[in-house]
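Undergrad: Any chance you can model this:
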Amino acid sequence: MEYRRKVFGYECDLYGHLNNANYLHLFEEARADALDKMGLSVRKLNDLGFHIYITNLELTYKKGIPVEENIIIKSKIVTANRVSSIWRQEIYDNSYELCSTIKVKGVFVKDGKPYRISKELFNQFQEFIE
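TA: From the prediction side, this is the model:
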């Protein structure tokens, strides 16, 4: 799934590049957008009584992203089971050069503890595993 947006000045460092901390914000935005496109928005998951907590991140910076760059963030679920999932995301610049990658592991949580989602809900996630 693709998410597109522009990098704004307030997100950049003194050198005019996207601040390293803001990469995480952008990846989070793109995952939320992907969940929404899957019909499993954060709000819907909350209404069902559970959350997805991030347990591990592996972020790689390849190339700086300058202010006002239009970027594309590709998000996909690499693997999932009824308790956890692993996502891979990539940020590309306007010329389609790879700028950053991240591998994100998340766990389904209910009442503060890992939670096994229903088979029906898992089937909905499975449709998007690449």
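Undergrad: Quickly note the distance from V83 to F122.
TA: To F122, V83 is 10 Å away according to CB to CB, to the nearest Å. For glycine as for every other residue, the C-beta is placed from the backbone atoms N, C-alpha and C.
Undergrad: centroid residue for this protein?
TA: R31 (3.0 Å; CA atoms, centre = their mean).
Undergrad: Which neighbouring elements make contact with the host helix or strand of it?
TA: Per DSSP states H and E: R31 is located in helix 20-37. Counting contacts by 3 or more CB pairs under 8 Å, 6 or more residues apart in numbering; DSSP states H and E, helix 20-37 packs against strand 2-6, helix 42-47, strand 51-61, strand 70-80, strand 84-92, strand 98-110.
Undergrad: what about those, which gets the closest to D13?
TA: strand 51-61 (12.4 Å; CB to CB).
Undergrad: Report the buried residues of the closest one.
TA: I52 (16 or more other CB atoms under 10 Å).
Undergrad: any idea of the mean pLDDT in that strand?
TA: Here strand 51-61 scores 96 as its mean pLDDT.
Undergrad: same thing with stretch 115-128?
TA: 89.
Undergrad: which residues are in contact with that stretch?
TA: Contacts of stretch 115-128 from elsewhere in the structure, counted by CB atoms under 8 Å, 6 or more residues apart in numbering, are 1, 34, 38-40, 48, 50, 76-77, 80-83, 85, 108-109.
Undergrad: Would you indicate which residues of the strand or helix carrying Q124 are buried?
TA: Here Q124 sits within helix 119-126, counting by DSSP H and E. Neighbour counts over helix 119-126 (16+ other CB under 10 Å) mark 122, 125 as buried.
Undergrad: any idea how far it is from the chain center?
TA: Computed by CA atoms, centre = their mean, to the nearest Å, the chain-centroid distance of helix 119-126 equals 19 Å.
Undergrad: Kindly format the C-alpha coordinates of that helix as CSV.
TA: What follows is helix 119-126 as a C-alpha-only set of coordinates in CSV (Å, rounded to 0.1, in the frame of the first residue of the first chain):
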residue,chain,number,x,y,z
LYS,A,119,-9.8,-16.1,13.3
GLU,A,120,-12.2,-13.9,11.4
LEU,A,121,-10.1,-10.8,12.1
PHE,A,122,-6.9,-12.6,11.3
ASN,A,123,-8.3,-13.6,8.0
GLN,A,124,-8.8,-9.9,7.2
PHE,A,125,-5.1,-9.3,8.0
GLN,A,126,-4.1,-12.3,6.0
